[in-house]
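> Here is my input; please provide its structure:
(one chain, ligands or ions: 2)
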Amino acid sequence: MHREANRAGAGADGSAIMIRIEDLHRSFDGVPVLKGVSLALEKGELLALIGRSGYGKSVLLKHIAGLLRPDSGRVLIDGEDMAVLRGSRLTKLRERLGFLFQGGALFDSMTVFENVAFPLREKTRMSNEAIRERVMEELSRVGLSGAEEKYPSQISGGMQKRAALARELISEPEIMLFDEPTTGLDPIFGHAILKLIDDLHRRLGFTGILVTHEIHKVFEIVDRVAFLHEGRVQAQGPPDEILASEDALVRQFVRGEIEGPVSVE
Ligand SMILES: Nc1ncnc2c1ncn2[C@@H]1O[C@H](COP(=O)(O)OP(=O)(O)OP(=O)(O)O)[C@@H](O)[C@H]1O
Ligand SMILES: [Mg+2]
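Ligands and ions are numbered 1, 2, ... in the order given. Next comes the predicted model:
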């Protein structure tokens, strides 16, 4: 049902693929983390990226955002390779992308209001009044009305996460990367954040990747799932196919079983 969203319009290379990852390799200090990741997302598609802790999900998102460079392979965003773009073309491409970091990452010296207003002040010529209206609307969406004058150190971790989400969503990016958006939130807020992401995805039709360990709730809102294991995408498909997979590895992972091909050390 989400698949109809925003599928029109071809990218710079003439395709409807918004994110294309080709044979991506990346090591840290000689230890390989990504060992040939290939993945493509159509425009408007929302993908859940799952996999064991420490297996490179956050590293993969950082490559898509152009924050890390591949050792080999490529990441194309709407047909363009961020690793070779420079100057205004790189800035323009970056502006189309929002990234909710795993740790939240607010500016500590700014209030919640100023944090959320920041992208509008940087990227638009909106009036102060218009900015105030948009920020208050976005804060109310994430359940933070009344917290606008507080500093990050004065609010809970879950509130920081929601403020960071509001800051990313306020400029309505075409591509959204969510790194564990519900981790650290109570179940009610966690569910509310997923509902917010789902609503915005339907409304704006962004292309998105959502890294999560909360398989069942997230599977209800995504179009497709990719399972990252030992440096590669080992399985991908619609959520119901992944849940019903006969593959021993995928089965063990989605069921959280201790016995199986993956040993628990
Ligand atoms: N900047 C870095 N320098 C060195 N090693 C790094 C760096 N970033 C990530 N790593 C290593 O890469 C591996 C993958 O890390 P990553 O954060 O992508 O895991 P993850 O799948 O997101 O795990 P989790 O589910 O716990 O968030 C880890 O072994 C980590 O230590
Ligand atoms: Mg991570």
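> Make sure I have this right: residue 210 is in a helix.
No. Remark: residue 210 does not belong to a helix; assigned using DSSP: H, G, I helix; E, B strand; the rest coil, it is strand.
> list the contacts for it?
Applying C-beta atoms under 8 Å, 6 or more residues apart in numbering, we find residue 210 in contact with 46, 47, 48, 49, 178, 181, 197, 218, 222. Bear in mind the C-beta positions are built from the backbone N, C-alpha and C, glycine included.
> Closest one to ligand 1 out of those residues, please.
residue 49 (8.8 Å; C-beta to the nearest ligand atom).
> Can you tell me how far residue 239 is from ligand 2?
Per C-beta to the ion, to the nearest Å, residue 239 is found 20 Å from ligand 2.
> Pull out the buried residues from stretch 50-60.
Buried residues in stretch 50-60, counted by 16 or more other C-beta atoms under 10 Å: 50, 51, 55, 56, 57, 58, 59, 60.
> picking up where we left off before, taking the contacts of residue 210 one by one, which sit in helices?
Counted as lying in helices by DSSP state H, out of the contacts of residue 210, are 197, 218.
> For the residue of the stretch 151-265 of the chain at minimum distance from ligand 2, which non-adjacent residue is spatially closest?
Residue nearest to ligand 2 within the stretch 151-265 of the chain (C-beta to the ion): residue 179, separated by 5.8 Å. Nearest non-adjacent residue to residue 179, counting by C-beta to C-beta, 6 or more residues apart in numbering: residue 102, 4.1 Å away.
> so who does that neighbour touch?
Going by C-beta under 8 Å, 6+ apart, the list of residues near residue 102 reads 58, 179, 180, 183, 211.
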